[in-house]
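Student: Quick one, what's the 3D model for this:
(one chain, ligands or ions: 2)
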Amino acid sequence: MKDLDSLDFEPRFARLGNAFSAPIEPTALAQASMVICSTDALALLDLPASTLDDPRLLQLASGEWYWPQTTPRAMVYSGHQFGGYTPRLGDGRGLLLAEVRNSAGEHWDVHLKGAGLTPFSRSGDGRAVLRSSIREFLASEYLHTLGIATSRALCVADSQTMVWREQRETAATLIRLAPSHIRFGHFEYFYYNQKYAELEQLQAHVLSDLYPECLTADEPLAAMLSVVVKRTAETIALWQAYGFCHGVMNTDNMSILGLTFDFGPYAFLDDFKHAHICNHSDNRGRYAFNQQVAMGYWNLTALAETLTRYVAVERLQEILDGYAAIQQQAYLKAMRARLGLPDQQADDAVLIDKLLLQLDHSALDYTLFFRKLGELPAAEALAAMAPEFINQAAFAEWCDAFMARNANDLRTQAQRREQMHAVNPLYMLRNYLIQIAIEAAEDGDYAPLHKLYAVLSTPFTQQDGCAAYAERPPQWGKHLSISCSS
Ligand code: AMP
Ligand code: MG
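Tutor: Numbering: from 1, shown residues only. Ligands and ions are numbered 1, 2, ... in the order given. You can find the predicted model right below:
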């Protein structure tokens, strides 16, 4: 174990120089307080839980202090936002504070979100508010618990610095960790500005530091795109399987590592709704739940465009053409596990689609359906849930198909239940639960947030006295409107 003084730094991105990022000092927050910290994330930096007692952790989070060996940097990138190209974006309110190498040889970027103005702040104030910082903290750590690739969150700090959104709010920060903060938009920035020397420098960095296994391929950049396609397809497959709606899948929010990245108005589905739009600024539903797979492809195409000077278009297209099958395979694998199917059959996709149609039609809770299905033997579980379905005939037909499909399941119910419960969370990161925790935190009471975080950190295990956390949202909590303005 280490402490904040003994970390090893490994400047990889920083070494690319000022064409890629601007050195910027964080602007400290006034009277900061620690809101929440992930000891799991601390461990990624070899830092023990006792680091929380080191006053410099809060100073780091509030922009008052950083390591003397490092230079905080704001990255430049661009991206397609809701389909339209924005020539220059960049870290408008975040800074790459440091790049750390841990004892396992892993590289972690330490990024401070909400660190103040940068050359890329445009009309923004360089700040993040408490509610959005809490939302990102909870989502990153929860997705990780579900086994979905994501950036991580180390801690959230609040302050007495005030900012204006729809109302007056306190400025907060989040320390985010990721092996790299490079987005598809980094490639787009250099490509569309015709800065090919820098584009090639970026490619070389990504290949040697993030995808070294591609360096020996005939065409390293084509090999890199194949891996990015695969990782992106697999991550989005799991979003679909677990009902995660990202909300702002702009290319500047797409990680070159295929991580779930940049959390804004995201939502996990409560009632299953194919066409759910979680971002109330997304008028046309570009990033609706049932558009995410297609949008992943669209974004990968935008990334591939930046490689057209280096790889034949036919080759790029061939790689992109692999996306749908990888996505579908990963999705079916996850859904078979969620449904407890004992093996793999050709028409599983049809069985799954028919179920989702009924869940959507009857507005069933997506999380609880799977959990209940594993709780009792299949026939009993289905019979218990049947009254909740509106189209009784269609559901009965589906149950027959499902039971026939399970006819050669040789597991005992105890085995089946254990396997299903290991992939079907009981406790879901529901928007209304987040909202309750946020409102208390805004009043200075962090206990509900800490409790929610603790319950969600073992979401597959039923916990005593936590029944309330497994409930469907009350009426007020069903259609919370979450905006981009955070
Ligand atoms: P996001 O919607 O968080 O992905 O941000 C899109 C772009 O706007 C990025 O370049 C951000 O850095 C920038 N941005 C978002 N909020 C702010 C803010 N409050 N101040 C400055 N820049 C911001
Ligand atoms: Mg962003």
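Student: what pLDDT, on average, does stretch 294-309 get?
Tutor: Per-residue pLDDT over stretch 294-309 has a mean of 99.
Student: gap between it and the chain center?
Tutor: 20 Å (CA atoms, centre = their mean, to the nearest Å).
Student: quick check, it touching ligand 2?
Tutor: No: applying CB under 5 Å from the ion, one finds stretch 294-309 separated from ligand 2 by no less than 12.9 Å. Using the backbone N, CA and C atoms, a C-beta is placed for each residue, glycine as well.
Student: And the helices in the stretch 1-150 of the chain?
Tutor: Ranges of helices in the stretch 1-150 of the chain, per DSSP state H, counting those that start in this stretch, are 39-44, 55-61, 130-146.
Student: Tell me which of the ones you listed sits most buried.
Tutor: A comparison of those by mean neighbour count, using mean count of other CB atoms under 10 Å, puts helix 130-146 on top with a mean of 24.
Student: Contact residues of the stretch 51-200 of the chain facing ligand 1?
Tutor: Leu89, Gly90, Asp91, Gly92, Arg93, Phe120, Ser121, Arg122, Gly124, Asp125, Gly126, Arg127 (CB under 6 Å from any ligand atom).
Student: correct me, but the second one touches Arg73?
Tutor: No: contact status for Gly90 versus Arg73: not in contact, 10.6 Å apart, counting by CB atoms under 8 Å.
Student: which of these two has more neighbours?
Tutor: Arg73 (25 against 22; other CB atoms under 10 Å).
Student: Please tell me I have it right and that one contacts Gly94.
Tutor: No: using CB under 8 Å, Arg73 is not in contact with Gly94, being 10.0 Å away.
Student: How about the stretch 251-400 of the chain: which residue is closest to ligand 2?
Tutor: Asp262 (3.9 Å; CB to the ion).
Student: Who are the contact partners of that residue?
Tutor: Asp262 makes contacts with Val248, Asp252, Asn253, as judged by CB atoms under 8 Å, 6 or more residues apart in numbering.
Student: Mind doing that once more with 6 Å?
Tutor: Counting by CB atoms under 6 Å, 6 or more residues apart in numbering, Asp262 makes contact with Asn253.
Student: Surely it forms part of a strand?
Tutor: No: counting by DSSP: H, G, I helix; E, B strand; the rest coil, Asp262 is not part of a strand but coil.
Student: how near is it to Gly79?
Tutor: From Asp262 across to Gly79, the span is 10 Å (CB to CB, to the nearest Å).
Student: Give me the spatial nearest neighbour of Ser255, chain neighbours excluded.
Tutor: Phe261 (4.0 Å; CB to CB, 6 or more residues apart in numbering).
Student: how about the helices in the stretch 351-486 of the chain?
Tutor: Using DSSP H, counting those that start in this stretch, helices in the stretch 351-486 of the chain cover 366-375, 378-385, 392-405, 413-421, 431-442, 447-456.
Student: Surely Phe272 touches His361?
Tutor: No: using CB atoms under 6 Å, Phe272 makes no contact with His361, being 9.3 Å away.
Student: Next to ligand 2, which bits of the stretch 151-300 of the chain? Give me the list.
Tutor: Asn253, Asp262.
Student: how about the helices in the stretch 151-300 of the chain?
Tutor: For the stretch 151-300 of the chain, applying DSSP H, counting those that start in this stretch gives helices covering 184-192, 196-205, 220-242, 292-305.
Student: rewinding a little: and Phe272 and His361? which has more neighbours close in?
Tutor: Phe272 (22 against 14).
Student: What residues does that one make contact with?
Tutor: Leu359, Asp360, Leu364, Tyr366.
Student: out of the residues you listed, what pair is the most spread apart?
Tutor: Using CB to CB, the contacts of Phe272 span at most 9.4 Å, a distance reached by Asp360 and Tyr366.
Student: Pull the number of nearby residues for the residue lying closest to His186 once chain neighbours are set aside.
Tutor: Distances taken as CB to CB, 6+ apart put Tyr77 closest to His186, at 4.5 Å, once the chain neighbours are dropped. By other CB under 10 Å, 24 other residues sit near Tyr77.
Student: Equivalent analysis for Asp347, please.
Tutor: 11.
Student: any idea how far ligand 1 is from it?
Tutor: Going from Asp347 to ligand 1 by CB to the nearest ligand atom, to the nearest Å gives 40 Å.
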